[in-house]
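Student: sharing a model prediction with you, sequence too.
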Amino acid sequence: MIDVSGLTVRRGGTTIIEGYSFDAPRGSILAVLGANGIGKTTLLETLIGVIKPESGSMVLGGRTGFVPQLFGVAFSYSVMDIVLMGRARHIGLFGSPGKADYEIARQCLDLLDIAHLEGRVYNQLSGGQRQLVLIAQALSSECDIMIMDEPCAALDYKNQDVVIRVMRTLSQDRGITILFSTHMPQHAVEIATDVLLMNGTSSFRAGKTADILNEANLSQLYRMPIGKAQFSEKDRFTYAPLFRQ
Amino acid sequence: MLKPSIESSLKAGRDRPGIGGILASVPLVAVLIVLLVLCILYSVTLGRYDLSVADVALILWDNIAPVSSRTWEPVEETVVELVRLPRILAAVVVGFGLSISGASLQGLFRNPLVDPGIIGVTSGAGFGGTLAILLGIQGYGLLAISFAFGISSIVLVKFLASVRGRTSVLTLVLAGVVISAFFSAAISVAKLLADPFQKLPAITYWLMGSIASTNYTDVLLIGVAVVPASIVVYLLRYQINILSLGEERARALGTPVALVQWALLIATAMISAGVVATSGIIGWVGLVIPHIARSIVGANHIRLLPVSGILGAIYLLLVDNLARTVTTSEIPLGIITALIGVPVFAFILRRIHLKGGWSND
């Protein structure tokens, strides 16, 4: 469960977020949408405790795990090495992963159907596989809330499909509350129960996806016309930009 | 369900912490330790006074359990125990310290091209030592001054590189270059001021790196700096893994970033100061050895640190054997490590490029 009210965040003397309030019940999926540079990453970093908020309250009902944007690492760590790093909160300053930590890491890989990647070098994996490994890393922290920074960016459609299905499974079967940022309204349409539209420093809309996610609000959000497009399949639709001609 | 099984297995693991990680590294580390001991025994036999490995083993064993029938001359015992052994121990500790600090700094700075020299500690400590020689200070005094300058160069580097409490790796490395350049200039000034017949040669020879006239006091001196600092570095092995993902990501995973960074910087400064104070500037070991270790055991610092340390000890011991046996006069260690290190490093660099390079975002 996530309950944020009156959140104000300053960074380097500039107010990035002012008076934001939103919530997400346990097991729900909240999508954060906003233009580039509006402060999505700042909001996420505040939620995971990397940035201290200026004021406001922030109640997170449980441990948070963070899935950063896809990245490569400086050394050729194995997939197991990377997933084990998610155990940091459970291992003391001077400790190192024990048998149980390996066990949990394996269970997390298993859960995401990537157990076969365990011994592979992380840097040599495809983007989609890396994203799943990073989700496994967050899972291995035994989190109740998962904060994901653009989990589908830089992935092709097939891999987006895999990641979106994993997110749905985690929330529905494991009761994990998920908050993720995205640039594609369709991701919100597909899996989000709740949305947060970041229009500006102190201007935002939050609520149920069905109530908030519409052409008018999205057009305001992206400062350009956004249309609703119906798929030929029944009851399925998306929002897409109407690029200027 | 995932959760209950996670909790139960977690509980089971608490009883025996860290077993998995230790077990995984034991066989290779054990093999390397045996290899190191053999290298030490062999190294003691080397030199103008000819001795066999058996002689050496017996002479050394005599200290633990007195041997009834002595088959060696008293002079042989002196050569082994007072001339060769302290020097060999010094080489082992110096090689171990340089390599383990190199490996940890590479992890900390997420860059396989970093070594203690890069972040300014070596030249800082080098200037401290030069200053000490100039002032006629030796032993623990020299160590203390070296350490003080090594630490202050790190503090300066951190200060230069930090903006609003955050440090980026790039600015840190650049600040290291700046501080290195400053202390190198300061060393030149000190050399200029030094008495050209006595102190200048001493400074020059010392800076080139040598453990030729090491006695047990020196060994103790290096040990005092290197051993506790290496233990701290080793204890932080898992944290180094996490830090090598980058500061922001480490913070998100729950690591006390600033604390670990400072602990590592101070520990590596201590190692550098100890090494520089007793044996001058010995470059390239901290850069090349971790590379080789990484190609053997992988990037995980839990295995990498001990393997780097022992490999470094063996390497510097062999280098020192060369230094004292190839010619009748001593060759400074720093010269040999550079002569070997540079081509090896170039080779590794080339191999990394052929493999497609390392990814850094």
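Tutor: Received, thanks. Numbering: from 1, shown residues only, chains lettered A, B, ... in the order given.
Student: OK, contacts around the closest residue to B:Asn215 other than its chain neighbours?
Tutor: Take B:Asn215 and drop its neighbours on the chain: the residue closest to it by Cβ to Cβ, 6 or more residues apart in numbering or on different chains is B:Pro86, 5.4 Å away. C-beta coordinates here come from the backbone N, C-alpha and C atoms, glycine included. Under the criterion of Cβ atoms under 8 Å, 6 or more residues apart in numbering or on different chains, the neighbours of B:Pro86 are B:Thr214, B:Asn215, B:Tyr216, B:Asp218, B:Val219.
Student: are any of those residues buried, and which?
Tutor: B:Thr214, B:Asp218, B:Val219 (16 or more other Cβ atoms under 10 Å in any protein chain shown).
Student: among the contacts of B:Pro86, which two are most distant?
Tutor: Greatest spatial distance in the contacts of B:Pro86: B:Thr214 and B:Tyr216, 8.3 Å, computed using Cβ to Cβ.
Student: in the sheet, who's paired with the residue nearest to A:Asp23 when sequence neighbours are not counted?
Tutor: Nearest residue to A:Asp23 in three dimensions, chain neighbours excluded: A:Asp3, at 4.5 Å (Cβ to Cβ, 6+ apart). On the basis of DSSP bridges, A:Asp3 is bridged to A:Asp23, A:Val59.
Student: same question for the one 5 residues further on.
Tutor: Bridge pairing for A:Thr8 (DSSP bridges) gives the partners A:Ser55.
Student: neighbours of it, how many?
Tutor: A:Thr8 is flanked by 17 other residues according to other Cβ atoms under 10 Å in any protein chain shown.
Student: also B:Leu28?
Tutor: There are 16 residues near B:Leu28, going by other Cβ under 10 Å.
Student: before we move on, the earlier item: closest to chain A out of the buried ones among the contacts of B:Pro86?
Tutor: B:Val219 (27.2 Å; Cβ to the nearest Cβ).
Student: now for the closest one: which residues touch it?
Tutor: With Cβ under 8 Å, 6+ apart, B:Val219 has these contacts: B:Pro86, B:Leu89, B:Ala90, B:Val93.
Student: wait, a helix at the third one?
Tutor: Put plainly, it is B:Ala90. Yes: checked against DSSP: H, G, I helix; E, B strand; the rest coil, B:Ala90 lies within a helix.
Student: my read: it touches B:Asn215, true?
Tutor: No: in this structure, B:Ala90 is not within contact of B:Asn215 by Cβ atoms under 8 Å, at 9.2 Å.
Student: one step back: helix, strand or coil: sort out the residue nearest to B:Asn215 for me.
Tutor: Secondary structure, three-state DSSP: B:Pro86 is helix.
Student: could you pull out the strands for the chain?
Tutor: Just going to use chain A. Secondary structure of chain A (DSSP state E): strands at A:2-11, A:14-24, A:29-34, A:55-60, A:64-67, A:145-148, A:177-182, A:194-198, A:204-208, A:226-230, A:237-241.
Student: let's do chain B instead
Tutor: B:162-163, B:166-167.
Student: these: lowest mean pLDDT?
Tutor: Note on the strands of chain B: strand B:166-167 shows the lowest mean pLDDT, a mean of 66.
Student: what's the local residue count around the residue nearest to A:Ala240 when sequence neighbours are not counted?
Tutor: Spatial nearest neighbour of A:Ala240, excluding adjacent residues (Cβ to Cβ, 6+ apart): A:Ala229 at 5.3 Å. For A:Ala229, the neighbour count with other Cβ under 10 Å is 12.
Student: looking at A:Ala229 now. What's its pLDDT?
Tutor: pLDDT, read off for A:Ala229, is 94.
Student: wait, it sits on A:Phe237?
Tutor: Yes: shown here, A:Ala229 and A:Phe237 form a contact pair, counting by Cβ under 8 Å, at 6.2 Å.
Student: re the thing from before, and the residue nearest to A:Ala240, what is it in contact with?
Tutor: Applying Cβ under 8 Å, 6+ apart, we find A:Ala229 in contact with A:Phe237, A:Thr238, A:Tyr239, A:Ala240.
Student: one more pass at 10 Å, please.
Tutor: Each residue near A:Ala229 by Cβ atoms under 10 Å, 6 or more residues apart in numbering or on different chains is listed here: A:Gln186, A:Arg236, A:Phe237, A:Thr238, A:Tyr239, A:Ala240, A:Leu242.
Student: in stretch A:92-100, what's buried?
Tutor: So for stretch A:92-100, counting by 16+ other Cβ under 10 Å, buried means A:Gly95, A:Ser96, A:Pro97, A:Gly98, A:Lys99, A:Ala100.
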